[in-house]
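Novice: take this sequence and fold it.
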Amino acid sequence: MNIKRALIIANGEPCSPFLLEKSQQTCSLTIVLDGAVHQIMQKKIAFDILFGDFDRDEIDFQKIKSYAPNAMIISAEDQDETDFVKAINYLIEQHFDEVIILWATGRRADHAISNMTNIARFRDKIAIRMCDDYSEISLLPILPKVFRKEYKAKTNISLIPIGTVEGITTKNLTYPLHHETLKMGYRTGNSNEVHEDGMVEISYETGDLLLMECHDKID
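Specialist: Sure, this is the predicted structure:
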């Protein structure tokens with residue numbers, strides 16, 4: 001089965017050229033959100049679609065078309081949603097299966113938190129991976145689905161609830177959970193780790209649970 005995968009480049013902290021190039025190689029489409037386009041052109045990054053509400057006066061469309069003559073410019077003026085959310089909805093409408101999101105963390109803390117937590121609204125609509133040089137963030141499936149993945153021992157695993165998440169059970173983590181509850185601001189599963197080489201299993205009954213695979217150094 002061919003996976004239809006896209007890349008969204010937001011307007012947070014830029015990642016390493018290696019991560020950007022690797023991500024673009026696995027994606028058939030690259031969308032740039034309007035606030036990032038100046039850095040995109042400075043760094044000479046190719047893209048297919050410039051997407052946003054274009055509420056900034058400094059957007060020079062003539063210069064953009066000169067830089068990327070084959071790129072589409074899509075205006076989405078709904079002020080009730082962020083460009084980030086609107087771009088993901090566009091990909092859902094275009095029947096994409098997965099999206100990798102870069103430059104969505106760092107800089108503005110309000111934007112970063114909003115971007116991370118907004119992943120939950122797209123459950124069962126599109127698979128999302130939000131990545132930077134130190135982290136990969138995704139939404140875990142809810143029961144009856146169970147998350148299973150092979151890891152090396154000592155791999156950092158954080159389980160971050162959006163609101164309250166109940167009935168969490170894990171296997172092969174150093175600090176296991178047995179039908180337990182995590183609540184944002186009170187108890188989170190930060191900085192756990194894989195106990196031994198092999199399969200990790202994570203399941204939960206209610207809520208929205210983010211998996212953050214984090215490390216301290218750029219690979």
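Novice: going forward, measure contacts between C-alpha atoms and count neighbours the same way
Specialist: OK.
Novice: any weak-confidence spans in the chain?
Specialist: Scanning the chain for pLDDT under 70 picks out 1, 55-58, 78-79, 217-219.
Novice: direction included, what does the longest strand that it contains pair up with?
Specialist: Longest strand of the chain, by residue count under DSSP state E: strand 156-171. Using DSSP bridges, strand 156-171 pairs in its sheet with strand 180-183 (antiparallel), strand 189-193 (antiparallel), strand 198-203 (antiparallel), strand 206-214 (antiparallel).
Novice: and the second one, which residues are buried?
Specialist: When burial is assessed from 16 or more other CA atoms under 10 Å, strand 189-193 yields the following buried residues: 189, 191-193.
Novice: thinking again about what came up before, among the strands paired with strand 156-171, which comes closest to residue 48?
Specialist: Closest approach to residue 48 among the strands paired with strand 156-171 (CA to CA): strand 206-214, 28.7 Å.
Novice: would you say residue 24 is within a helix?
Specialist: Yes. The assignment for residue 24 by DSSP: H, G, I helix; E, B strand; the rest coil puts it in a helix.
Novice: what segments of the protein are helices?
Specialist: Listed in chain order, the helices of the chain (DSSP state H) span residues 17-25, 37-42, 61-67, 83-93, 109-118.
Novice: which of the ones you listed sits most buried?
Specialist: helix 83-93 (a mean of 19; mean count of other CA atoms under 10 Å).
Novice: neighbouring contacts of that helix?
Specialist: Outside helix 83-93, the residues within contact range by CA atoms under 8 Å, 6 or more residues apart in numbering are 6, 8, 10, 31, 33, 51-53, 76, 99, 115, 118, 125-126.
Novice: please identify which of these is nearest to residue 144.
Specialist: Nearest to residue 144 out of the contacts of helix 83-93 is residue 125 (CA to CA; 17.0 Å).
Novice: for the closest one, what are its contacts?
Specialist: Counted by CA under 8 Å, 6+ apart, residue 125 has contacts 92, 97.
Novice: and it, its phi and psi?
Specialist: When read as degrees, to the nearest 10, the backbone of residue 125 gives phi -110, psi -40.
Novice: measure it to residue 197 for me?
Specialist: 32 Å (CA to CA, to the nearest Å).
Novice: could you do residue 165 as well?
Specialist: Residue 165 sits 27 Å away from residue 197 when distances are taken as CA to CA.
Novice: center of this structure - which residue?
Specialist: Residue closest to the average C-alpha location in the chain (CA atoms, centre = their mean): residue 130, at 1.9 Å.
Novice: pretty sure that residue sits against residue 139.
Specialist: No. Assessed by CA atoms under 8 Å, residue 130 is found out of contact with residue 139, at 9.8 Å.
Novice: contact partners for the closest residue to residue 112 other than its chain neighbours?
Specialist: Ranked by CA to CA, 6 or more residues apart in numbering and with sequence neighbours excluded, the top spatial neighbour of residue 112 is residue 105, at 4.6 Å. Applying CA under 8 Å, 6+ apart, we find residue 105 in contact with 12-13, 111-113, 115, 132.
Novice: and what of residue 61?
Specialist: Residue 61 neighbours (CA under 8 Å, 6+ apart): none.
Novice: what's next to the longest strand of the chain, contact-wise?
Specialist: Under CA under 8 Å, 6+ apart, the answer for strand 156-171 is 117, 176-184, 188-194, 200-215.
Novice: go on, stretch 199-207?
Specialist: 141-143, 145-151, 161-173, 179, 194.
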